[in-house]
Structures are given as C-alpha cells and as structure tokens.
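Asks: structure of the sequence below:
(chains A and B)
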Amino acid sequence: MRIVTKAVLLFLVGLFVVSTFSFVGCTKHPNAQQLQALEEQKNAALAAESTLEERCREKSRLESQLNQKRKELQDAKTELEAVKQRLGQ
Amino acid sequence: MNLFTKTLWACIVLALVMATGFTPSLAQEKMTMKEYNQQMLDWQNRERIAKDEMAKCDAESETLNAQIAELDAQTKETWNEIYAALGVTEADVNAYRGQLDDLDRQLSALAALSPEELFQRRKEIDAIEQKLNEMKGSRIALLTEMMNKIAGLEGKIAQLRAKMPKGLYDEYTVARGDYLWRISKKPDIYGDPMQWIRIYSYNRDQIKDANLIYPDQIFKIHKENGPDEYMVSRGDFLAKIAGNVDVMGDPTKWRQLYEANKAAVGEEPSLIYPYQILKIPRGGN
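Replies: Numbering: from 1, shown residues only, chains lettered A, B, ... in the order given. Next up is the predicted model:
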C-alpha cells in the first residue's frame, strides 16, 4: 500500500510539473527593459515618419509657390511688352 | 488526513489555480525573443528610411527655395523695367492704385442710394468721373491692372447714370374742369399759373394742344432739371443756353439744341418761353 501511495504521489507530482511546463513553457521572453527599448524605437520611427510627412507637405507647398512665381514672372514679362507697345502707340 | 489525500488536494488546488490564473496569460500571447528582435529590426528600418527620405526632401526644398528667390529677383527686375519705361516709381503706382480704390469705394457707396437720392447727388458722380478722366491721362493708366480697374469704374458710373431718373417729377391726375393754367396755380404744383408751359412742355407726348386736356390723364410735374434737361429762364435764347457749360458749352451748337426741341419750340427758334423745359442733346444726338 505504501508503495502504491508513493507511486501515485510521484505520478501526480510529475503530472503537475509536466502540466506547468506545458502551460508556462520554457521559451525566452524579452524583459521589461527590452520592451521599453522597443517602445522607444517604435516612437522614434513614428516621429521620424511624421516629420517626413510634414517635410513632404512643405516641399509640395514650395513646388506650388515656385509655379506661382514662374507665372508671376511670365505675367511681368508680358506686361513689360504690353506697356512698351502702348507707349509706342 | 494522510499524506496521499493531502497531496491529492494540493494537486487539485494547484490545477485549479493554473486553470484560472495562467489561462489569461496564455491569451495575451507573450512576445518571444524572436518576435521582439524582428519588431525591433522593423522599427529601426522604418526610422532609417524616414530619415533618408527626410534628407532628400530637405535637399529638394532647399533647391526649390533657391529657385523661388531667383524668380522673385527676376520678377522684381522686370517690374523695375516697367516702372522705368513709364517714368514712375513703385510708390507712384501704389498711390495711383489707392486713388482708384478710393473712387471705387465712393461709387459703391453711391450705388446703395435710391434713384432719387442718386439724382440729388449727381454732382458727386460728375466729380468722380472728372477725377477718373484726369487719372486716365497718367502713364500709370497704361498698366493692364489699372486699365482693368478704370474700365470697371467706368462701368459702375454708367450703371449709376442708368439708375438715375432722367428728371425729378411728381405726378398729377387731371380732374374734371382742370386746365393747365389752373393746375399750375395749385399750391402743391407750382403755385404760379404762369408756369403752365412747364407742364405743357414736359408732357408733350400727352398734350398736343395746350387747350385740350382730359380727365384721368396723368401728367408729370417737373420739379428739378434732370441731367439732360434745361428750364428756360427769362432773358434766355437758344445760343445763350447752348453756350452754358452744363448744356453744350458752345453757343454755335444752338441749332443742334433747336433740332432736338423743334416739336416743343415750333418753327421759330428765336421764340422760346420762360419755364419751357428743353431736352439737351448728348453724345452728338
């Protein structure tokens, strides 16, 4: 009886250990410090992307401004010709 | 309780704790180191790519800014050439623009008036038109912007003139027993029977014979000269009237004045009467 009891006891303990490992596993996970570093890296990347978006918008604005300035110059040149013509009349 | 039973209970309790306590942590799917490294690498790559793109973008923006500055300089130089050709400065042009804007504001204020109020203030329109005509003599008026502004102002003046009544008058409905002398004598008309000719000449389209008027005819009662009207005064003659600056400004044009009023004056141009209303021919009419 005693042997049977011990065997059952041993089986149960073994079963407990096996089941615990099966739930918890023995895989390695990042620690809190590493997770913090990952979060910081993520924030830095998102901030860089956001800044890039702003710079792209600024570039687009400058492109529009450049087109506007080209038109202004063209208008001024046309005006100069028109004024010369009117003065000649 | 023996050892076996105790151990059995302990296992059951532990199993329960594991079933309740550990299961949620399983649902959270804890990150593995492999996943962690992959994610870290991904974020690092994204940051690097964004920074590279930003550097390119900054360089392009710098080039664009330089091009804009260059175009600005060229535009300014071209405008300076325009000012030099006109013999004016930028300040002169700005002052001229300001004067045109001022005239525009004055015309806009006049446009809000009723036709009658407008008629009362017609001298202001004349003054604005005169000022505009003076400004048209400037070389600055050769700029396209100014030409457009001037054309706009002229259009507004024309609209105001079209809105203005041709003359200021009341209306009177002829009653049984009325005759022109009697109507003219009424205190709310002229209070003077001698001014009957004023009614007669002002309503020539309705009155063929001064002795024949009919009940319910509606006559215009002249109150004030319109821009194209002149009321004859004692001592007037056609050449004198034509010479008036507000009429034609040239006594030799009396025949033109006569032709325009032949129906009212009759065959004898030297015979006109006080209070007669004459039409002033404008625009070579």
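Asks: remind me, longest helix of chain A?
Replies: Counting residues, the longest helix found in chain A (DSSP state H) is helix A:32-88.
Asks: does it reach chain B?
Replies: Yes. Counting by CB under 8 Å from any CB of the partner chain, chain B is contacted by helix A:32-88 at A:34-35, A:37-38, A:41-42, A:44-45, A:48-49, A:51-52, A:55-56, A:58-59, A:62-63, A:65-66, A:69-70, A:72-73, A:76-77, A:79-80, A:82-84, A:86-87. (C-beta placed from N, C-alpha, C; glycine too.)
Asks: by contact count, what packs against that helix?
Replies: helix B:33-86 (3 or more CB pairs under 8 Å, 6 or more residues apart in numbering or on different chains; DSSP states H and E).
Asks: re earlier: off-centre distance for the longest helix of chain A?
Replies: Its chain's average C-alpha position is 23 Å from that of helix A:32-88, according to CA atoms, centre = their mean, to the nearest Å.
Asks: what angle do that helix and helix B:33-86 make?
Replies: Interaxial angle, helix A:32-88 versus helix B:33-86 (axes from the mean of the first three to the mean of the last three CA atoms, to 10 degrees): 20 degrees.
Asks: what is the burial count for the residue lying closest to B:L113 once chain neighbours are set aside?
Replies: Excluding its sequence neighbours, the residue lying closest to B:L113 (CB to CB, 6 or more residues apart in numbering or on different chains) is B:R121, at 6.9 Å. Neighbourhood size, B:R121 [other CB atoms under 10 Å in any protein chain shown]: 16.
Asks: B:M164 too?
Replies: If we define neighbours as other CB under 10 Å, then B:M164 has 22 of them.
Asks: that one and B:W181: what is the separation?
Replies: B:M164 sits 32 Å away from B:W181, going by CB to CB, to the nearest Å.
Asks: need the pLDDT of residue 49.
Replies: Just so you know, I chose chain A. pLDDT recorded at A:E49 is 96.
Asks: other chain: chain B
Replies: pLDDT, read off for B:I49, is 97.
Asks: next: the one 10 residues further on.
Replies: Confidence at B:A59, expressed as pLDDT, is 95.
Asks: secondary structure element holding the residue nearest the centre of chain B?
Replies: Centrality entry for chain B: nearest residue to the mean C-alpha point is B:S108, 5.8 Å, by CA atoms, centre = their mean. Element membership for B:S108, per DSSP states H and E: helix B:90-111.
Asks: same for that helix, what does it pack against?
Replies: By 3+ CB pairs under 8 Å, 6+ apart, helix B:90-111 packs against helix B:33-86, helix B:122-136, helix B:144-163.
Asks: how far off centre is it?
Replies: Using CA atoms, centre = their mean, the offset of helix B:90-111 from its chain centre is 12 Å.
Asks: list the buried residues in it.
Replies: B:V93, B:Y96, B:L100, B:L103, B:Q106, B:L107, B:L110 (16 or more other CB atoms under 10 Å in any protein chain shown).
Asks: also stretch B:275-285?
Replies: Quick answer for stretch B:275-285 (16+ other CB under 10 Å): B:Y275, B:Q276, B:I277, B:L278, B:K279, B:I280, B:P281.
Asks: B:P187: which of these is nearest?
Replies: B:Y275 (17.0 Å; CB to CB).
Asks: let me have the buried residues of stretch B:275-285 in TSV, adding secondary structure, pLDDT and distance to chain A as columns.
Replies: Shown next, in TSV, are those (DSSP: H, G, I helix; E, B strand; the rest coil; pLDDT from 0 to 100; distance: CB to the nearest CB, whole Å):
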residue	secondary structure	pLDDT	distance to chain A
B:Y275	coil	92	50
B:Q276	coil	92	47
B:I277	strand	91	44
B:L278	strand	92	40
B:K279	strand	89	38
B:I280	coil	90	34
B:P281	coil	89	32
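Asks: re the thing from before, just the pLDDT for the residue nearest to B:L113.
Replies: 87.
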